[in-house]
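Asks: Fold the following.
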Amino acid sequence: MYLKRTLQMRRFIPEFSTFYTIPSSFFRTIFFCFVFLLLIAVTTCASVAALDKGKAATEATDKDKAKTEVKVNVTVTGIDKPLYENVMARLTINLHKDNERLGPKAVKRLHRQAKADIESALAPFGYYNPVIESKLAKEDNVFSATYTIDKGVPVIINNLAIKVSGSGESNEQLLSVKSNFPLSKDDVLDQSLYELGKNNLMYAARSAGFLDATFTERSLRINRETNSADIRLVLDSGQQYVFGEISSAQEVLEQDLLDRYLPFRQGDPYNPAKLFALQAILYRTDYFDRVIVKGEPDDAQNLNVPVTIKLTPPKHLNKYKLGGGYATDTGIRGKIDWTNRLLNSRGHKIRGSLQLAEYESLVSLSYEIPRSNPRYNKL
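Replies: Below is the predicted model:
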């Protein structure tokens, strides 16, 4: 065994030595290139073989998938919009008909569930006793689900009672919303309108300062046998909150001018929406870089809600705008606009504009002074 290995080494060493005895570096370079190209050829062949194998496997998978994949067509007749749209949006078999993983068993299960889906979709519109004919047909891998709907007799509102109690029982805003409730006696029950009416009442109460308003009674009773419904709503408004002390941390404007921008006064019914309105008003003045308006209902004393206004003065009082262009009446033109957004604490502004053009040049200067109602009146 030892002798055999020695002989093999002897045969290998001369061959290896022969490579190093090649006299020219040019031939060595040719040899290296040959080996490199050989390696590339072997690697490429292996990659092509692997790709062919993967492609074959993918084609086989696609064929198997094509054999098992099903297509579902859903047809609903007998109803119009908006009932039709709501049924299609709730019909589970319609929602999953394009699912690639849907199989024949799942289609049949969803078809059995369709009746319950349709009934739940029609109920909000007052139809609680529909007659539904369903059919599921199959041809090759295509399922056709058909649903013919007779919506039946609608539920009619038999009794409608809406009451406002508490200190807001005579509030004009609440009484107006109550009288304009979107449902009336003998109307077809529409649950979306019922919810809208409830929300309108609560929104009106909060907007009028009744922050603790709540429904002490809220009932919708439906009798499917007689296709009738009874509605009863009792809103306890609680006490009315008002705007309390209004404080502002700012040295930008004179207090009298700032007060004239307020869309509310101390003692007015507290309405959170007016805080957002004030914030938008103050931003539009362009006097401030930042505006924060906050009401603090948790800090209210004797139903007076304090309001805090925080205003950040502008970092840059002057604004510049450059422009240019061409028009047939002016020719080539250039324009520069300048605005001093806050000249003084009385809210004065000054604007200037200079246009240099081929045919017509313009210069303008304006001075703006806020008046008694600065939101709408300026001099």
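
Asks: Need the contact partners of the helix or strand containing A273.
Replies: A273 belongs to helix 272-284 when assigned by DSSP states H and E. The list of residues contacting helix 272-284 from outside it, by Cβ atoms under 8 Å, 6 or more residues apart in numbering, reads 206-207, 261-264, 288, 291-295, 307, 309, 311, 375. Placement of C-beta: from N, CA and C, glycine included.

Asks: cool, and stretch 150-158?
Replies: With contacts defined as Cβ under 8 Å, 6+ apart, stretch 150-158 is touched by 78-79, 83, 122, 125-132, 183-189, 222, 224, 227-231.

Asks: So which of the contacts of helix 272-284 belong to helices?
Replies: 206-207 (DSSP state H).

Asks: for the stretch 151-300 of the chain, what spans make up the strands?
Replies: Applying DSSP state E, counting those that start in this stretch to the stretch 151-300 of the chain gives strands spanning 156-165, 214-223, 228-236, 242-249, 290-295.

Asks: Now the first one: average pLDDT?
Replies: So that's strand 156-165. Mean pLDDT, computed over strand 156-165, is 95.

Asks: For it, list every residue counted as buried.
Replies: If you call a residue buried by 16 or more other Cβ atoms under 10 Å, then strand 156-165 has these buried ones: 157-158, 160, 162, 164.

Asks: could those residues go into a markdown table alongside distance to L354?
Replies: Compiled in a markdown table, the buried residues of strand 156-165 are given as follows (distance: Cβ to Cβ, whole Å):
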| residue | distance to L354 |
| --- | --- |
| I157 | 69 |
| N158 | 75 |
| L160 | 68 |
| I162 | 64 |
| V164 | 62 |
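
Asks: Need the max-distance pair from those residues.
Replies: Set against one another by Cβ to Cβ, these have their most distant pair in N158 and V164, with a gap of 22.0 Å.

Asks: Give me the buried stretch members for stretch 84-94, please.
Replies: Residues of stretch 84-94 classed as buried under the neighbour-count rule (16+ other Cβ under 10 Å) are 86-87, 90-91, 93-94.

Asks: now swap in stretch 111-126 and tell me
Replies: Across stretch 111-126, burial judged by 16+ other Cβ under 10 Å covers 111, 114, 117-119, 121-126.

Asks: and what of stretch 163-180?
Replies: Counting neighbours by 16+ other Cβ under 10 Å, one finds that the buried residues in stretch 163-180 are 164, 166, 168, 171, 174, 177-178.

Asks: Going by distance to E69, which of those wins?
Replies: The shortest separation between E69 and any of those is 54.5 Å, and it belongs to V177 (by Cβ to Cβ).

Asks: Let me see the contact set for that closest one.
Replies: For V177, the contact set (Cβ under 8 Å, 6+ apart) comprises 200-201, 204.

Asks: Repeat that for L303.
Replies: When the contact criterion is Cβ under 8 Å, 6+ apart, the partners of L303 are 239-242.

Asks: Those, buried ones only, as a PyMOL selection?
Replies: In PyMOL syntax, the buried subset of these is picked out as below (16+ other Cβ under 10 Å):
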select buried, resi 240+241+242
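
Asks: can you redo the contacts of L303 as a markdown table with distance to P269?
Replies: Written out in a markdown table, the entries for the contacts of L303 read as follows (distance: Cβ to Cβ, whole Å):
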| residue | distance to P269 |
| --- | --- |
| Q239 | 11 |
| Q240 | 6 |
| Y241 | 7 |
| V242 | 6 |
